[in-house]
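Engineer: Okay, predicted coordinates and the sequence, questions at the end:
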Amino acid sequence: MNDTGHRRITRRTFGFAATSALAALAVGDACAAPGNQPLAGDGRLSARARADAATSLKSGALGLGSERDGVIQMPGAPARGPLPLLVFLHGATQSGEGMLRRIGPAADRAGVVVVAPDSRGTTWDAVRGGFGEDVEFLDRTLTHVFTHLEVDPARMAIGGFSDGASYALSLGLGNGDLFPRVVACSPGFVVSAAPHGHPRFFISHGTSDQILPIDRCSRVIVPRLRSMGYDVTFREFDGRHEVPPDVANEATRWLAAG
């Protein structure tokens with residue numbers, strides 16, 4: 001099956017999976033992506049920001065992978081002191097570089113550093129049934145960033161679009177002690193993981209989303225998160241499966257404000 005065919009099947013399934021996924025999350029079961037496959041790992045990230053880091057990162061390739069790597073964007077006029085950081089994850093069959101074109105201009109205006117890694121395969125591992133190699137690569141990426149960037153721990157977020165948003169929600173719940181904020185643009189579902197910390201959420205979704213219908217996705221996810229005691233900012237917009245510039249601006253300002 002080619003990537004396009006896999007993407008269509010996967011996203012259709014995700015749209016119908018949101019209700020059962022969050023029901024399982026509420027009781028702590030390992031609810032999976034399509035097929036309810038068991039998760040291989042717990043999705044925990046071990047990298048942590050360092051108080052003694054001196055900022056030396058520059059915009060460009062991560063330099064941590066070969067065929068699939070990722071990119072970093074530093075603000076054009078960074079403020080002094082620790083900087084806000086957004087780790088933003090791409091959709092299925094996409095790349096970090098492509099994702100940066102969606103979120104990068106807004107992040108630059110808000111003074112937010114963006115790290116946009118590539119998944120190891122065509123999409124993120126938990127989407128395929130288990131936390132594993134993508135979590136390991138994210139940990140390597142964060143270790144590299146924390147070594148060369150003075151990050152504000154209170155203004156760190158993991159985020160993403162489409163499949164990347166679903167993955168960000170899942171990792172954000174399991175790593176809320178690392179990421180106090182989570183940005184999810186047009187998510188489809190949540191993979192259950194043991195919660196750590198108590199992150200805040202910014203979720204956006206187009207009312208005419210033709211890939212992940214809002215009624216079966218964010219309109220299920222948002223009330224469930226709120227019922228579990230999470231602070232959720234929810235922005236519905238008149239649009240399709242996309243990240244409009246005004247939504248990107250609001251999300252990055254929300255992160256930068258702390």
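Structural biologist: Thanks, I have it. Everything numeric in this text was worked out from a predicted model, so none of it was measured. Residues are numbered from 1 along each chain as shown.
Engineer: residues in contact with V232?
Structural biologist: Listed by Cβ atoms under 8 Å, 6 or more residues apart in numbering, the contact set of V232 reads R200, F201, F202, I203, V222, L225, R226. Using the backbone N, CA and C atoms, a C-beta is placed for each residue, glycine as well.
Engineer: Narrow these to those that are buried.
Structural biologist: Among these, the ones that count as buried by 16 or more other Cβ atoms under 10 Å are R200, F201, F202, I203, V222, L225.
Engineer: mind checking how far the last one is from I72?
Structural biologist: What that stands for is L225. L225 sits 29 Å away from I72, going by Cβ to Cβ, to the nearest Å.
Engineer: now do the third one
Structural biologist: Taking Cβ to Cβ as the criterion, F202 is separated from I72 by 21 Å.
Engineer: the bottom helix or strand of this protein by mean pLDDT?
Structural biologist: helix 3-27 (a mean of 38; mean pLDDT, DSSP states H and E).
Engineer: next one: the next helix or strand after that one to chain centre, how far?
Structural biologist: Remark: after helix 3-27, the chain's next helix or strand is strand 60-61, criterion DSSP states H and E. With Cα atoms, centre = their mean, to the nearest Å as the basis, strand 60-61 stands 19 Å off its chain's centre.
Engineer: Please apply the same query to stretch 144-161.
Structural biologist: The answer for stretch 144-161 is 12 Å, by Cα atoms, centre = their mean.
Engineer: Adding secondary structure, write the buried ones among the contacts of V232 out as JSON lines.
Structural biologist: Formatted as JSON lines, the buried ones among the contacts of V232 follow (DSSP: H, G, I helix; E, B strand; the rest coil):
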{"residue": "R200", "secondary structure": "strand"}
{"residue": "F201", "secondary structure": "strand"}
{"residue": "F202", "secondary structure": "strand"}
{"residue": "I203", "secondary structure": "strand"}
{"residue": "V222", "secondary structure": "helix"}
{"residue": "L225", "secondary structure": "helix"}
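Engineer: now, among those residues, which is nearest to E97?
Structural biologist: Top of the list for closeness to E97, among these and by Cβ to Cβ, is F202 at 23.0 Å.
Engineer: Which strand or helix spans I211?
Structural biologist: Here I211 is assigned to no helix or strand, by DSSP H and E.
Engineer: From R155, how far out is it?
Structural biologist: Applying Cβ to Cβ to I211 and R155 gives a distance of 30 Å.
Engineer: likewise G197?
Structural biologist: Separation of G197 from R155 (Cβ to Cβ) stands at 15 Å.
Engineer: So between these two, which is more surrounded?
Structural biologist: Shown here are G197 and R155; by other Cβ atoms under 10 Å, R155 has more neighbours (20 against 13).
Engineer: which of the residues in the top strand by length along the chain are buried?
Structural biologist: Counting residues, the longest strand found in the chain (DSSP state E) is strand 151-161. For strand 151-161, a neighbour-count test (16+ other Cβ under 10 Å) marks V151, D152, P153, R155, M156, A157, I158, G159, G160, F161 as buried.
Engineer: same thing with stretch 139-152?
Structural biologist: For stretch 139-152, a neighbour-count test (16+ other Cβ under 10 Å) marks T141, L142, T143, H144, V145, F146, L149, E150, V151, D152 as buried.
Engineer: check contacts around the fourth one.
Structural biologist: Right, H144. Counted by Cβ under 8 Å, 6+ apart, H144 has contacts L62, L64.
Engineer: per-residue pLDDT, it?
Structural biologist: pLDDT for H144: 95.
Engineer: Sticking with it, tell me its helix or strand.
Structural biologist: Assigned by DSSP H and E, H144 falls in helix 133-148.
Engineer: buried set for stretch 68-78?
Structural biologist: Residues of stretch 68-78 classed as buried by neighbour count (16+ other Cβ under 10 Å): R68, D69, G70, V71, I72, Q73, M74, P75, P78.
Engineer: no, scratch that, I was asking about stretch 175-187
Structural biologist: Buried residues in stretch 175-187 (16+ other Cβ under 10 Å): N175, G176, L178, F179, P180, R181, V182, V183, A184, C185, S186, P187.
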